[in-house]
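Participant: Whatever this is, show me its structure:
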Amino acid sequence: MADFLTDITTLRERARREMEKGPVTEAYGANLERVLQVLNEALATEIVCTLRYKRHYYTASGLYSEPVAAEFLEHAAQEQQHADKVAQRIVQLGGRPDFNPETLTQRAHAGYDASDDLVEMIKEDLVAERVAIASYTEIAKWLGDGDPTTRRVFEDLLAQEEEHADDLRGLLERMPQDRKTD
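Facilitator: This is a model prediction of the structure:
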């Protein structure tokens, strides 16, 4: 059986010598600079999703809009929580969260939408959720064991994005047939 990786004295000396690195130790196995870039892209994605859902919430109208708008508002709040989690992780890793509004949509994986039609709003939100699901799945796999904490952040986000996609699919299925193709 292999011995413990590093003796306690060495761990303590390293911890004291590199305190300014916070939680990033020699055991960190990912490319920190690239992880911070990916996290900032995810931050932009979550902010854009928050804004899209908020816009849809405030502009949803029509016979079926009340329950749909309520779903938009709930998703907007959850996307804002996602943005906060991602920004917090960026700071934990010693990075700077990028909230620059001039570049948000360029860095975001999902797009912004200004549809006025309720069904189109649902469809665009579902597309954006599917983009986030594909992206976050790929990121979690890419991180692997190199940064298990950031991987878990993405896995948590992924689970909720999957719920959002399921909610939106359900909304589309409940729309009257003549509204689904508008």
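Participant: Report the contact partners of residue 68.
Facilitator: 60, 118, 121, 122, 171 (CB atoms under 8 Å, 6 or more residues apart in numbering). C-beta here means a position set from N, CA and C on the backbone, and glycine is covered the same way.
Participant: Downstream of whichever strand or helix holds it, the next helix or strand is which one?
Facilitator: Using DSSP states H and E, the element containing residue 68 is helix 65-92. Note on helix 65-92: by DSSP H and E, the next helix or strand toward the C-terminus is helix 104-107.
Participant: I'd like the mean pLDDT over that next one, please.
Facilitator: Throughout helix 104-107, pLDDT has a mean value of 96.
Participant: Mind giving me the packing neighbours of the following helix or strand past it?
Facilitator: Next along the chain after helix 104-107, taking DSSP H and E as the criterion, comes helix 118-143. Contacts defined by 3 or more CB pairs under 8 Å, 6 or more residues apart in numbering; DSSP states H and E place helix 118-143 against helix 32-59, helix 65-92, helix 148-174, helix 177-180.
Participant: Pull out the buried positions in stretch 122-132.
Facilitator: Neighbour counts over stretch 122-132 (16 or more other CB atoms under 10 Å) mark 122, 123, 124, 125, 126, 128, 129, 130, 131, 132 as buried.
Participant: Next, the contact list for the second one, please.
Facilitator: Listed by CB under 8 Å, 6+ apart, the contact set of residue 123 reads residue 172.
Participant: Need the pLDDT of it.
Facilitator: Model confidence at residue 123 (pLDDT) stands at 97.
Participant: and the angle from the helix holding residue 68 to helix 148-174?
Facilitator: 170 degrees (axes from the mean of the first three to the mean of the last three CA atoms, to 10 degrees).
Participant: buried stuff in helix 65-92?
Facilitator: 65, 68-69, 71-73, 75-76, 78-80, 82-83, 85-87, 89-90.
Participant: Just give me how far it sits from the chain centre.
Facilitator: 9 Å (CA atoms, centre = their mean, to the nearest Å).
Participant: where does the protein have low pLDDT?
Facilitator: 1-5, 25, 177-182 (pLDDT under 70).
Participant: Give the buried residues for stretch 19-30.
Facilitator: Under 16+ other CB under 10 Å, the buried positions of stretch 19-30 are 24, 28, 30.
Participant: now, which of the buried residues of stretch 122-132 sits nearest residue 97?
Facilitator: Closest approach to residue 97 among the buried residues of stretch 122-132 (CB to CB): residue 132, at 17.9 Å.
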